[in-house]
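S.K.: Compute the structure for the input listed below.
(chains A and B)
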Amino acid sequence: MPHALGFSSRREFLHVGSLTGLGLSLGGLFRLQAARADLKSFDHFVGTAKSVIHIWLPGGWAQQETFDPKPLVPVEYRGDLSAIDTKLTGVQFSEKLVKTAQVADKITVVRSMTHGEAAHERGTHNMFTGYRPSPALTFPSFGSVVAHELGPRANLPPYVCVPTLPAPDAGAGYLGSAFGPFVLGSDPADGGFTVRDLALPGGVDAERFAKRQQLREAVGRHFQRLEDAGAVAAMDAFYERAYALVSSAEARAAFDIKAEPDAIKDEYGRNQAGQRMLLARRLVEAGVRFVTLSYGGWDMHGKIRDGITNTLPPFDQAFAALITDLDRRGLLDSTLVMASSEFGRTPRINADAGRDHWPKVFSVVLAGGGIKRGQVYGASDTIAAEPADSPLSVADLATTVYHCLGIVADKELMAPGNRPVEIVDDGTVRKDLLA
Amino acid sequence: MSRTARTILQAVAVGWLTLAAASDAADLVNIEVYPPQVRLDSARDRQRLIVQGRAADGRTFDVTATAEVAASDATFAAIDRDGARVVLRPLADGDATLRVAVAGHVRELPLRVVSASSDPPLSFRLDVMPVFARAGCNMGSCHGAARGKDGFRLSLFGFDPSGDHHRITRELPGRRIDLAHPEESLLLLKATGGVPHTGGKRFAADDDLADRLVRWIAAGAADDPGPDPAVSVPQLVGLDLYPPSALIEGEAATQQVVAVARFSDGTDRDVTDLAWYGTNNDRSAKVSPAGTVTSGVRGEAFLMARYDTITVGVPMVVIPKDLAFQFPTEHDLPGATEGARTIDSLVNAKLASLRIAPSPVCDDEAFLRRVTLDLVGLLPTPDERARFLADSAPDKRRRAIDELMARKEFVELWVMRWAEILQIRSQGNDVSPKAALLYHQWLDRRIAANEPIDRMVRDLLTATGGTFDNPPTNYFQLERNTLKIAENVAQAFLGMRIQCAQCHNHPFDRWTMDDYYGFAAFFAQIGRKKGADPREQIVFDSGGGEMQHPVKGKPAVPKFLGGETPKVANRDRREALAAWITSADNPFFAKHVANIAWTHFFGRGIVHEPDDARISNPPVNGPLLEELGRRFATSGWDFRGLVRDIVTSRTYQRSFATNDTNRLDETNFSHAAIRRQRAEVLLDTLAQVTDTKNKFPGLPLGARAVQMADGRTTNYFLTTFGRATREDVCSCAVRMDPSLSQALHLLNGDVANERIRQGGLVGRRLAEGRTPGAIIDELFLRCNGRMPTERERIETLLTVLDSTDRKQALEDVFWALLNSPEFIFNH
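M.R.: Alright, predicted model coming up:
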């Protein structure tokens, strides 16, 4: 067969790849998934959510000191923070959620989240993947599944972590690093915030970069004509994505938090919570499908009052600003916001004035992207020890989030060893969460 | 070696093999009858026969329908025929000979009938449990799920028959079975669609499966008798799947299979109608629930049958009809070892059966770049290349290989690979950086001395003492969980992932929970205590402690995987295990290590992934793997000899350019694979070509990434390009897949830009008065191991000459080369 054909077929491959957003066929990488016609498969449908902002609160935030205060029980259960009224009649939040209380009519507070993993790593795995940890398989995170299923958009990576990978469980698992998050590696709250390798290096302007691209074409052609390997095509595909990202002023601008007006920066709060959420909004606005950001350390085994007093108010301000800002821009109905943690904390204050790990019941906050506005879903019992109403499992939460994105969670993906694995095992869409 | 392989091999050995069109019975050179003997041992027993014919070129045909079958004495068994279905049915006790003939070819096989008049009661384990597996009731997505389905749970693939019996008969008394009206039992009505069932109708009410359930319930729905029913019934010891292979020509041809289960009491059963069948390539070979294989498009398929806890498989190949094919004539490569020639003939035999012509041997430039990267993790320098090209001796490739293997970088590369397998890294208080370093030095000494691999592994697995004094003890410090140690050992040294069997019998492999906990029991008595130095730990044989079997609720007896139960009283259990693993007779170890070496040089294992050997993931070339393992074990575990056999072979030295027959082949080594350089090697070669030095924590300036002792040490480049952290034993922990971050880092990051600047190569050359053309030539030689083509030279040179800043333009050429697949990949 003439060499020219090998050449053109690969070009054609890349061309087709860029037309389909490169989500479909990156050579051998994807052949694994494509090869199995007998997998349980479903077409995507048009979901209510176009993107997701996942706010991760590592350590396990206390339901009692945040969204599920228990003002009527004795102080050793209640803690010594009080509760305040919110926009929703009869619903109270912690006194440190002053601003969020004012957007309670735009969000859904789940007070009946429940699972059985009381260790950080295991609980974290649950909340990032929708699966219990398995000794045999590393599951992909929500973001990686979204990257795999929906692919990139607007020259931007489909899945971004702000500022770092919050946990190994937020990675691509068995799907492979091609579907892993693009990790900023730098905190938007820092004055000198830049995203690694995004900007052209010093001394290289757009003109020189274009020349470099031409040279790369010139020195790559000979080899390209000889080989037709999937691995090379897959790498080239990522080069194309990188070129697109580097060359697109709009795409790069998404990461440029400096472009935000001071008033907006102040509204979110000039701190980690504020600036990370603000950057997340910029990213989804520009086309990123899934942003995971982490904030704070919530593992408050001692002096929980102090911990909450320090950590919660910046969250409160930023979260309320995010919801308000998204709504103002008409983005809230297409952006699903989820604030979650690996578990909650024990009903009773311990000897160190803190609370310990408690996965039996805790709170998760959802908003936008097809989630009902202004409701409390489920309930914990009197002392926040067990779900009292509508317990929400990890699998059901995951299935519902995927549903909002138009992904059928019953679909099977191919794990190593030709092992078909459902995106979520045995989850149901909780219709009551939806608008 | 199979008969097919040998036939084809002989044809290959004489230099050519032409396959002309031919396909009817007239082509047959022999026939085989399966199973090779028939034994019927109750009134219910039946045995199906198949007849397979074979042509001289290896093609096979199911000729059962045209076979004449007769017994030397017709009084003992009836031969029931229904087209291609030939079934033997007992009549009276006695022995006879069956004679099978097709177009003049004859086979005879023994027939024995015993207990022809006895009809024993149905056994729950032997007759009823297979129904749930066959009908799919106990699959993971149905009642085999951990919590069952719709309120009814069966153990996954039947790993817990006692529990299943309890759940069927006693969990909800009166609901699932009806002893008075067996046909009205819910168990049956659900399965036959008599009442609504989420899983739908699984079989018809008049099916044999239904009949089994009815008869068992009518007889009282009892479990098997005895104090422990699990041992009172004959144990399944083997499953035979026939024919052992098939080479089918054309689409829509069929081949029936026969599955025979063997039991511990010497009896067997035809389970052709009870086994579950699957194939790993539907497009080439589809299989029906009755075990009829139908050929599809050209390709290879592995046909599997599962019965009870055993899964077995046979390879099948489909080739186009009337294919004209000629295997290329090839001469022995100068310098090829005897082992290398064996590799070539076994690889070629497989290729010939697939009608694939391999690519020719690559040219000298390509060879030198490939072999230098693979053996020492560096690129050939322009001087090395010039010397090699100038050498006209026919065995120069062999000498280059020997020189490369004598370099210290060869040792370092394999120390890195083994350090991944042994997971060498520091870890909190369990393994201090000093301990990790000592562990690495221990490994380095062994590999440098080419110590036999069996001894190294034995010393590791039986290590006792302080983690400083006897560094391999760190293996048991890096992982302290007994079950995880067992899993790691199985994966690292036997190439098998047994994790699934922790919770259920492995559905696509032979490992049961008994195997799993029996294997883990070897590590149940490892003791640990603090050493005198607070950073040191001491590992010892505590002589006590057991591994509890979670289903049986009693201690598991130490048992080799698929092997015997050794005496372990009064000795370190690990010694018994290590002796078994590293024995030349061990069915897994030698092949696994050989496959690790193979994978390094081909980017793909004979079993792929190399640590995922299982029934449902068979070697792509079984005879090749057998032979590599056999040679390795009998060579005194000479790892370097194994490497030399591989790299002096023609198979390793083939070009990556493909022809019409091997373009789509990615598994049978018919052409060189294009493989990305692994993270450490890529960083080292970047440093090499740019004349820059690496700096890593704990290592001197200029050290190579390959030399890093501690898996925990890394940098952004290495992590981004997939360096293994060594926290996970899996070979997949070394990531080779691309990502956006990698591309951005090479495009914009400091790795290419900064190094080109720091190394100052272009500036130096300009100062030396070299012309831009000469500098471009050197950049190509450094990065790609070849001169630029005319077109490349002209295009790049024009760009340089057009530029106001020639140094910058030349550095941009350098940058472009570093960002090109030709540099980033080994090919």
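S.K.: Pull the residues that contact stretch B:682-692.
M.R.: Applying Cβ atoms under 8 Å, 6 or more residues apart in numbering or on different chains, the contact partners of stretch B:682-692 are B:373, B:377-379, B:676-677, B:693-694, B:704-706, B:717-718, B:721, B:751-752, B:755-756, B:758-761, B:782-783, B:814, B:818, B:823-824. Every residue, glycine included, has its C-beta placed from N, CA and C.
S.K.: In helices, which of the residues you listed fall?
M.R.: Among the contacts of stretch B:682-692, the subset assigned to helices under DSSP state H consists of B:373, B:717-718, B:751-752, B:755-756, B:758-759, B:761, B:782-783, B:814, B:818, B:823-824.
S.K.: Quick check: residues of the stretch 51-200 of chain A near chain B?
M.R.: Proximity of the stretch 51-200 of chain A to chain B is confined to A:135-136, A:157, A:176-178, A:180, A:182-183, A:185, A:196-200 under the rule Cβ under 8 Å from any Cβ of the partner chain.
S.K.: Please, a PyMOL command that selects the buried ones among the contacts of stretch B:682-692?
M.R.: Burial among those is assessed by 16 or more other Cβ atoms under 10 Å in any protein chain shown; the matching PyMOL selection reads:
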select buried, chain B and resi 373+377+378+379+676+677+694+704+705+706+717+718+721+751+752+755+756+759+761+782+783+814+818+823+824
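S.K.: Please report how far the nearest residue to B:P243 once chain neighbours are set aside lies from B:T97.
M.R.: Closest residue in space to B:P243, ignoring its immediate chain neighbours: B:Q52 at 4.7 Å, by Cβ to Cβ, 6 or more residues apart in numbering or on different chains. Counting by Cβ to Cβ, to the nearest Å, the gap from B:Q52 to B:T97 is 20 Å.
S.K.: Neighbour count for these two, which is higher?
M.R.: Between B:Q52 and B:T97, B:Q52 has the larger neighbour count (other Cβ atoms under 10 Å in any protein chain shown), namely 24 against 12.
S.K.: Point to the helix or strand of chain A where mean pLDDT is at its lowest.
M.R.: Lowest by mean pLDDT, DSSP states H and E among the helices and strands of chain A is helix A:3-19, with a mean of 33.
S.K.: Now do B:T254: how many residues are near it, please.
M.R.: 16.
S.K.: Bridged to it, which residues?
M.R.: Judged by DSSP bridges, the bridge partners of B:T254 are B:T294.
S.K.: pretty sure it contacts B:T292?
M.R.: Yes - applying Cβ atoms under 8 Å, one finds B:T254 in contact with B:T292, separated by 5.6 Å.
S.K.: can you list the residues of the stretch 201-350 of chain A near chain B?
M.R.: Going by Cβ under 8 Å from any Cβ, the residues of the stretch 201-350 of chain A near chain B are A:201, A:204, A:208, A:211-212, A:214-216, A:218-224, A:226-229, A:231-232, A:234-239, A:241-243, A:245-246.
S.K.: Check the residues you listed for burial and list the buried ones.
M.R.: A:201, A:204, A:208, A:211-212, A:215-216, A:218-224, A:226-229, A:231-232, A:234-239, A:241-243, A:245-246.
S.K.: so how far is chain A from the residue positioned nearest the centre of chain B?
M.R.: In chain B, the residue lying closest to the centroid (Cα atoms, centre = their mean) is B:V607, at 2.9 Å. Look at B:V607 and chain A: by Cβ to the nearest Cβ, to the nearest Å, they are 12 Å apart.
S.K.: That residue contacts B:P619, correct?
M.R.: Yes - counting by Cβ under 8 Å, B:V607 touches B:P619, with 4.8 Å between them.
S.K.: Return every residue with contacts to both of those two.
M.R.: Joint contacts of B:V607 and B:P619 (Cβ under 8 Å, 6+ apart) are B:N595, B:A613, B:L625.
S.K.: Go through those residues and name the one nearest chain A.
M.R.: B:A613 (10.8 Å; Cβ to the nearest Cβ).
S.K.: residue contacts, the closest one?
M.R.: Counting by Cβ under 8 Å, 6+ apart, B:A613 has contacts B:L494, B:G495, B:M496, B:F588, B:K591, B:H592, B:N595, B:V607, B:P619.
S.K.: can you tell me which of the buried ones among the residues of the stretch 201-350 of chain A next to chain B are in helices?
M.R.: Per DSSP H, helices hold the following members of these: A:208, A:211-212, A:215-216, A:218-224, A:226, A:231-232, A:234-239, A:241-243, A:245-246.
S.K.: which SS state does the residue nearest to A:T428 when sequence neighbours are not counted fall under?
M.R.: Distances taken as Cβ to Cβ, 6+ apart place A:D396 nearest to A:T428, at 5.5 Å, with adjacent residues excluded. Assigned with DSSP: H, G, I helix; E, B strand; the rest coil, A:D396 falls in the helix class.
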